[in-house]
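>>> how would this look folded up:
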Amino acid sequence: MSAPLPVVEPEALEDARARRRPLWCTVVHDDPVNTMSYVTWVFHSYFRLPMPTARARMMEVHTAGRAVVSRGARERMEVDVTAMHGYGLRATIEPLAGADDPGPDQPDGGL
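Presented below is the predicted three-dimensional model:
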């Protein structure tokens, strides 16, 4: 007779799957059309970033030409990119560098 199989809790399986999923990020790119105040407003209203953080991300877009505005599962980043396009901003999805250990400052969704 064979030994009984170990029981694995569904939550443990889901946690293991979630840990293996690579993280992605939404990157907003600079453009010559949208004003700085508008981009700040979009980051504040859509991602619910505090105004100082929204301004800092906007300045990163303005000075560096791009900024990561959200991180998480690819499906969520696709939603964010589509939303940014709806606001008239240029945005792309990229794999998150060093995504094996997301750390406390890299939750699903907005930064």
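>>> Strands along the chain, start to end?
24-29, 66-72, 90-95, 109-110 (DSSP state E).
>>> which stretch in the ones you listed is the model least sure about?
Mean pLDDT is lowest for strand 109-110 among the strands of the chain, at a mean of 50.
>>> Output the strands of the chain as CSV; include the columns distance to residue 55 and mean neighbour count.
Bear in mind the C-beta positions are built from the backbone N, C-alpha and C, glycine included. Formatted as CSV, these follow (distance: least, CB to CB, whole Å; neighbours: other CB atoms under 10 Å):
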stretch, distance to residue 55, mean neighbour count
strand 24-29, 14, 22
strand 66-72, 11, 22
strand 90-95, 18, 14
strand 109-110, 15, 16
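>>> Reformat the ones you listed as JSON lines; add distance to residue 43.
Formatted as JSON lines, the strands of the chain follow (distance: least, CB to CB, whole Å):
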{"stretch": "strand 24-29", "distance to residue 43": "8"}
{"stretch": "strand 66-72", "distance to residue 43": "6"}
{"stretch": "strand 90-95", "distance to residue 43": "11"}
{"stretch": "strand 109-110", "distance to residue 43": "9"}
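>>> Show me where this protein dips below the pLDDT cut-off.
1-20, 99-111 (pLDDT under 70).
>>> let's see 80
1-21, 97-111 (pLDDT under 80).
>>> Residue 31 - how many residues pack around it?
12 (other CB atoms under 10 Å).
>>> try the one 3 residues further on
Applying other CB under 10 Å, we find 18 residues neighbouring residue 34.
>>> residues in contact with it?
88-89 (CB atoms under 8 Å, 6 or more residues apart in numbering).
>>> switch to 10 Å and redo it
If you count contacts by CB atoms under 10 Å, 6 or more residues apart in numbering, residue 34 has them with 28, 41-42, 58, 61, 87-90.
>>> can you check residue 94 too?
With contact taken as CB under 10 Å, 6+ apart, residue 94 is in contact with 24-27, 66, 68, 77.
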